[in-house]
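Enquirer: I need the structure of the sequence given here:
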Amino acid sequence: MTEINKTKVERGDTIVIIDMLGEPQYNGKSGTVDHIDSMGQIHCKGFGLAVIPEQDIFKIIKKEKDI
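Expert: Next up is the predicted model:
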């Protein structure tokens, strides 16, 4: 897992993608976490793909409790 990904992501958090492996058009996009599947992949509202913490680089820009 990338250093920046070490904070636990939860439903309702807002994340920004820094680098999505093989999908550069998603870099810089942000979204709200809708759910995390059984494989640990992060699904956001508005994204067509899942963020994979072990290979994609992202950061949390707003925790749910900050809202």
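
Enquirer: Going by neighbour count, list what's buried in the lowest-mean-pLDDT helix or strand in the chain.
Expert: When each helix and strand of the chain is scored by mean pLDDT, DSSP states H and E, strand 57-62 comes last, with a mean of 91. Within strand 57-62, the residues scored as buried using 16 or more other C-beta atoms under 10 Å are 57-58, 60. C-betas here are computed from N, CA, C, even on glycine.

Enquirer: For that strand, name the packing helices and strands.
Expert: Secondary-structure packing of strand 57-62 (3 or more C-beta pairs under 8 Å, 6 or more residues apart in numbering; DSSP states H and E): strand 14-19.

Enquirer: Which strand or helix spans the residue nearest to D37 when sequence neighbours are not counted?
Expert: Distances taken as C-beta to C-beta, 6 or more residues apart in numbering place H43 nearest to D37, at 6.6 Å, with adjacent residues excluded. Applying DSSP states H and E as the criterion places H43 in strand 42-44.

Enquirer: neighbouring contacts of that strand?
Expert: Residues from elsewhere that reach strand 42-44 (C-beta atoms under 8 Å, 6 or more residues apart in numbering): 9, 15, 31-37, 50-53, 58.

Enquirer: Can you name the two of the residues you listed that sit furthest apart?
Expert: Largest separation among the contacts of strand 42-44 by C-beta to C-beta: T32 and I52, giving 17.8 Å.

Enquirer: Would you agree K63 is in contact with D13?
Expert: Yes - under the criterion of C-beta atoms under 8 Å, K63 makes contact with D13 at 5.5 Å.

Enquirer: ok, the two, which is more surrounded?
Expert: D13 (22 against 14; other C-beta atoms under 10 Å).

Enquirer: so who does the more buried one touch?
Expert: So D13 contacts 32-33, 60, 62-64 (C-beta under 8 Å, 6+ apart).

Enquirer: Same list (those) but as JSON lines, adding distance to M20.
Expert: Shown next, in JSON lines, are those (distance: C-beta to C-beta, whole Å):
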{"residue": "T32", "distance to M20": "17"}
{"residue": "V33", "distance to M20": "15"}
{"residue": "I60", "distance to M20": "16"}
{"residue": "K62", "distance to M20": "19"}
{"residue": "K63", "distance to M20": "21"}
{"residue": "E64", "distance to M20": "22"}
